[in-house]
Structures are given as structure tokens and as C-alpha cells.
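Enquirer: what follows is a predicted protein model with its sequence.
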Amino acid sequence: MTHVVAEPCFDCKYTDCVVVCPVDCFYEGAQMLFIHPDECIDCEACVPECPVAAIFHEDNLPEEWKEFTALNAEEAPKCPVITERKAPREGPDCNKAEKH
């Protein structure tokens, strides 16, 4: 099992989650972050850190975002690992209303 970064992260790239990850399984794409499914240990440390509630256990991923499981698996290996917090990327498609 793994955790998945879903649609709320798209164009709303916050990196609060990466600094708490004990296994460095986050990867940075151009418009969002991805979790490498073979590296995630399901510790859930990242979940409460996400200001847009974009990280889900794959068993709890909302139906409309199920394709993000495969997307994370496909994209993470193509991207550089990210372990340090960066300034947020709030692009034009960022839905800031999702923040909690």
C-alpha cells in the first residue's frame, strides 16, 4: 500500500509534506509533487502537513482521483527527489479554497 498525491496539489505545490517524510519518497514535478509507491512506508506523517489536503492513502483516495495512483507511480521515477521545503507554487489552477 502507499499514499498518493492527488488533484488538489496540481498547480498548488506546497512542500510542507516533504520535510516530515522519513524515507524521502516525494518527487517534484513541474506542477505537483508525487509519492513513489515503492518507497512510501505508509507512516502518514505527510497527510496532516498538506495545506490543501492532497495526500490520501490509496484505499481512501476519492473515486474521481483514482487515476492519480498510476500517475504517481509513472511520474515519480522521472522527477527529482525533494526533501527540503520550498516556496509554495500557486499557479493559476491552484484551488486555494481547498486549504484547511
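Expert: That came through fine. Numbers count the residues shown, from 1 in each chain.
Enquirer: ok, which stretches of this protein are helices?
Expert: Secondary structure of the chain (DSSP state H): helices located at 67-75.
Enquirer: show me where it has strands.
Expert: Here the chain has its strands, by DSSP state E, at 3-5, 12-13, 26-28, 33-35, 55-57, 89-90.
Enquirer: okay if I get those strands as JSON lines plus mean pLDDT and distance to E75?
Expert: For every residue, glycine as well, the C-beta is placed using N, CA and C. JSON lines is the format used below for the strands of the chain (pLDDT from 0 to 100; distance: least, C-beta to C-beta, whole Å):
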{"stretch": "strand 3-5", "mean pLDDT": "98", "distance to E75": "10"}
{"stretch": "strand 12-13", "mean pLDDT": "92", "distance to E75": "13"}
{"stretch": "strand 26-28", "mean pLDDT": "98", "distance to E75": "7"}
{"stretch": "strand 33-35", "mean pLDDT": "98", "distance to E75": "5"}
{"stretch": "strand 55-57", "mean pLDDT": "97", "distance to E75": "15"}
{"stretch": "strand 89-90", "mean pLDDT": "88", "distance to E75": "16"}
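Enquirer: out of the ones you listed, the one nearest V81 is which?
Expert: Of all the strands of the chain, strand 26-28 sits nearest to V81, with 5.7 Å by C-beta to C-beta.
Enquirer: nearest to P80, of the strands of the chain?
Expert: Per C-beta to C-beta, nearest to P80 of the strands of the chain: strand 26-28, 5.8 Å.
Enquirer: what comes into contact with that closest one?
Expert: If you take C-beta atoms under 8 Å, 6 or more residues apart in numbering as the criterion, strand 26-28 is touched by 5, 13, 15, 17-18, 33-36, 46, 75-83.
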